[in-house]
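Student: Build the 3D model from these lines:
(2 chains)
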Number of protein chains: 2
Amino acid sequence: MKLKVKDVDLSTGGPFIAILHEQDAKSLGINAAERVRISRLKKKQQIVAVADIATSGIKPGEVGLFEEPLKHLGVKAGMHIDIELSARPSSVKHISEKLNSMELSECKINDIIDDIMNNRLSEVEMAYFVAGCYTEGLSMKETAALTKAIVKSGAVLGLKKKVIVDKHCVGGVPNNRTTPLVVPIMAALGYTMPKTSSRSITSPAGTADAVEVVAPVSLSLEKLKEVVSKTNACMVWGGSINLAAADDKLIRVRHPLSIDPEGMLLASILAKKKAVGATHVLIDIPCGYMAKFKSKKVAEALGAKFVALGRMLGMKVKVVLTDGSQPIGNGIGPALEMVDVISVLKGNGPTDLREKAVYIAVEMLKLVNEKNPEQKVLDALDSGKAFAKFMEIVIAQGGRKHIRIPKARHFYDVVAVKSGPVSLINNKGIAVIAKFAGAPEDKAAGIYLRVHKGDKVKKGEVLFTIYAKSKMKLKSAVDVADNVEHVVMR
Amino acid sequence: MKLKVKDVDLSTGGPFIAILHEQDAKSLGINAAERVRISRLKKKQQIVAVADIATSGIKPGEVGLFEEPLKHLGVKAGMHIDIELSARPSSVKHISEKLNSMELSECKINDIIDDIMNNRLSEVEMAYFVAGCYTEGLSMKETAALTKAIVKSGAVLGLKKKVIVDKHCVGGVPNNRTTPLVVPIMAALGYTMPKTSSRSITSPAGTADAVEVVAPVSLSLEKLKEVVSKTNACMVWGGSINLAAADDKLIRVRHPLSIDPEGMLLASILAKKKAVGATHVLIDIPCGYMAKFKSKKVAEALGAKFVALGRMLGMKVKVVLTDGSQPIGNGIGPALEMVDVISVLKGNGPTDLREKAVYIAVEMLKLVNEKNPEQKVLDALDSGKAFAKFMEIVIAQGGRKHIRIPKARHFYDVVAVKSGPVSLINNKGIAVIAKFAGAPEDKAAGIYLRVHKGDKVKKGEVLFTIYAKSKMKLKSAVDVADNVEHVVMR
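Tutor: Model prediction:
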């Protein structure tokens, strides 16, 4: 059927959408969410789009197209195109098989990822894929195939190095900002560590948000390579380079129900490591009441899968379980966390953060069979070599030589209402208060902890300070602090 | 955040969509597919919409709204509204529970259906619900709760009758048009049978498509009640009245993968029966090679669930397994099927169709404890009372007194290429040919079978005739006939 193009003047970056009038849809035998093949008249360009049925806004004889299909087809409003019902892509069948508990071959998983990358699957179909992986599980073979397919879907770094180290923390603990410490330590010791990190999704800060306080983190692939060849390392936002592109599309449909199929979690993390060419990877799983993993047993089982998957992908993976029972460091929020990081690099700073960074760096050195790892890590820190390397990386990424960390104008001290020992710091409560204060959007907003678990506190002593950009945000954070569990004294 | 309304000038009947510029979305902390609460300034109207993030078409400071949210809020382009991040509705949590194999309470299932009806769930979230019901299954308790919730979601007939009969066929066999025979037989015998049927989704004709050849089938609820009170019965399209409204929304997300969770199938069918107030329901499950149910065992297990669910809902349900191994009747396509139906009513017509209709009607009479059921059904048919009742219903629905069945202008005889017995009629092949000929959109298009399974056929004898509106459609159907299995001789 020939239809006249209407430019809907919208772009959403999702699957291609073609909007038909219900009358045309009926005579073409097309139901909502079915596929149509759209062809330019007398030209070769063709795309497959998902049909949406309009009851108003689109006239009979018209087809509404979003920006992406217009661009791909090279057509403009008023031109005519040919439209017909299109078969479902074969990957829809594979998704049904997964929902029916079948194991998918590498080839079928490639089909699915390929169709996702080419916008051939609707979000509903992708959701069925995620649901199938979640309820039916993925075997290690399927997980390896998925990881490889995700790596192929995006850019790869292609550094020519024999050893490339990397680390990842399976989140859940506020602050815990070890990456900006471990990266300069490892780089100062001569290791290549092209670290990509995420921004916050639900937490008060991601590593990329914190590093951004001192240096740009949205680098192009070219710029990133330049930084790594200059300094041995980088600390950038993974989202600005196109690594593991399919993963972002899957995360988008996982988000509404916060569904984390284990196989997808494994694939998502190790695909990003494989894409930067990592040969040795340390995975940190914080455990404990309040962390993502409460039970050591569950964390260990997941850890074993990381190691096995790494082996299937040609990466040496080591897993460490760390204490996730309370925040690490004092600052929570991008700038306040960066204050802690720089203090540690300068030889001061919170002991727990320093100790954790040292521990992680030592474990990484053990993984690459370095001798005397403790001594080397402590030397790199205490000699100032790690701080010098940190500054080298910051400047290479485009940061200032003289670091200036923004400060919040307004603050409020939350004090102890009674005397006694601190029995618990509620990670979730602390994170919520920091977010209401404005983190991570307001870089300087957040919380600075003045006490830790086990400390004996007197009535009236400051437990933590809330920082915010505006009085309004400070007030809303203080209100939240009145109503959630944060520093608990029993 | 205050935003200026842009009228996107589209309407799709799905969940409310609000399109934000990516910059505003970021500063509100809103990700794609998250919810926003939209409020009119200084007014009470509020809606919750799913956010879509635009990279073009929507400027910063603007919010694009589809027709439905504009209408619900009572706002126009250029007006300002207030927008904020909204929590996920609680039903999202229930859906997660289902994916985690938990049994949902009646209350939680009501929440889900309620949120679906109020456009508070995105299609992705609905897909997760369907996936959970599919992979984790629904208990009988959950199925009953789902059925009741679906009944509540739409209109109910509310006839004041002690006995209301109904039937349903769990499809899969072409033609098999027993409904327009059983309805007038039962009504002629004094039973109330307010029958709603579906249109074709993937088949060459649904019952509603066939009845529409002789009478309007898109009746309002008022008109339907009038027809039933006049004639004891009706034969209408279920889609025109708002029975079991939630079911249509669920079917929309089930369609892309053709996923039929058993519990949803049961709920979908019996909710429609409950909504018309049925007290006695006959379910026909055709079985056999080529039918939807190949194994009698599987059909029997499903049948037992229909009976149990009926009991939980206060309906007496009986299940019969019938022969689904070949088409029933000769015509396939709306008009050609109606030709068979009227022939049977007039005392002629295909024996297999007559016999099946008699069997179904007899089983229904047994279900309501009628004495001498065979004799009564045969008498209704042979005395002409059933035909008179059929005409009464047709006229009450707005059909003509003198039935005129449209004929296709073009036809083609497919002949036997060798002599021998007919060993098989491939239902799927026959259906595909009829659809390429133009059924069900072209009422007169389709196939008329000249032979049946077991018939001995000579080379050159006509197996079936293809009817089409245009030469082009005829040609494409003939091409398909050359390439699919249809009447098989071995």
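
Student: Checking the closest residue to chain B within the stretch 101-250 of chain A next. Helix, strand or coil?
Tutor: Residue of the stretch 101-250 of chain A nearest chain B, by C-beta to the nearest C-beta: A:Ala131 (3.3 Å). Heads up, the C-betas are built off the backbone N, CA and C, glycines and all. Classification of A:Ala131 by DSSP: H, G, I helix; E, B strand; the rest coil places it in helix.

Student: so A:Lys272 sits in a strand?
Tutor: No. With three-state DSSP as the criterion, A:Lys272 is assigned helix and is not in a strand.

Student: Tell me how far the residue nearest to it when sequence neighbours are not counted lies from A:Gly238.
Tutor: Using C-beta to C-beta, 6 or more residues apart in numbering or on different chains and skipping the chain neighbours, the partner closest in space to A:Lys272 is A:Ala244 (5.0 Å). Distance of A:Ala244 to A:Gly238, given as C-beta to C-beta, to the nearest Å: 8 Å.

Student: Are there residues contacting both of those two? Which ones?
Tutor: Overlap of the contact sets of A:Ala244 and A:Gly238 (by C-beta atoms under 8 Å, 6 or more residues apart in numbering or on different chains) consists of A:Lys272.

Student: Show me which of the two is the more surrounded one.
Tutor: A:Ala244 (29 against 22; other C-beta atoms under 10 Å in any protein chain shown).

Student: what sits against the more buried one?
Tutor: A:150-151, A:153-154, A:238, A:268, A:271-272, A:275.

Student: Assign A:Ala408 to helix, strand or coil.
Tutor: A:Ala408 - assigned by three-state DSSP - is coil.

Student: How many neighbouring residues does it have?
Tutor: A:Ala408 has 25 neighbours, counted by other C-beta under 10 Å.

Student: Same check on A:Lys71?
Tutor: Around A:Lys71 there are 11 other residues, counting by other C-beta under 10 Å.

Student: go on, A:Pro327?
Tutor: Applying other C-beta under 10 Å, I find that A:Pro327 has 27 neighbouring residues.

Student: Help me confirm that it comes into contact with A:Ser203.
Tutor: No. Using C-beta atoms under 8 Å, A:Pro327 is not in contact with A:Ser203, being 11.2 Å away.

Student: Name the residues of the helix or strand containing A:Ala357 that come out as buried.
Tutor: If you go by DSSP states H and E, A:Ala357 is part of helix A:351-367. Using 16 or more other C-beta atoms under 10 Å in any protein chain shown as the test for burial, helix A:351-367 gives A:352-354, A:356-365, A:367.

Student: what helices or strands is that helix leaning on?
Tutor: Counting by 3 or more C-beta pairs under 8 Å, 6 or more residues apart in numbering or on different chains; DSSP states H and E, the packing neighbours recorded for helix A:351-367 are strand A:165-169, helix A:179-188, strand A:280-287, strand A:316-323, helix A:334-345, helix A:373-382.

Student: do you know which of those lies nearest chain B?
Tutor: Using C-beta to the nearest C-beta, the helices and strands packed on helix A:351-367 put helix A:334-345 closest to chain B, at 14.5 Å.

Student: what angle separates the closest one from helix A:373-382?
Tutor: 110 degrees (axes from the mean of the first three to the mean of the last three C-alpha atoms, to 10 degrees).
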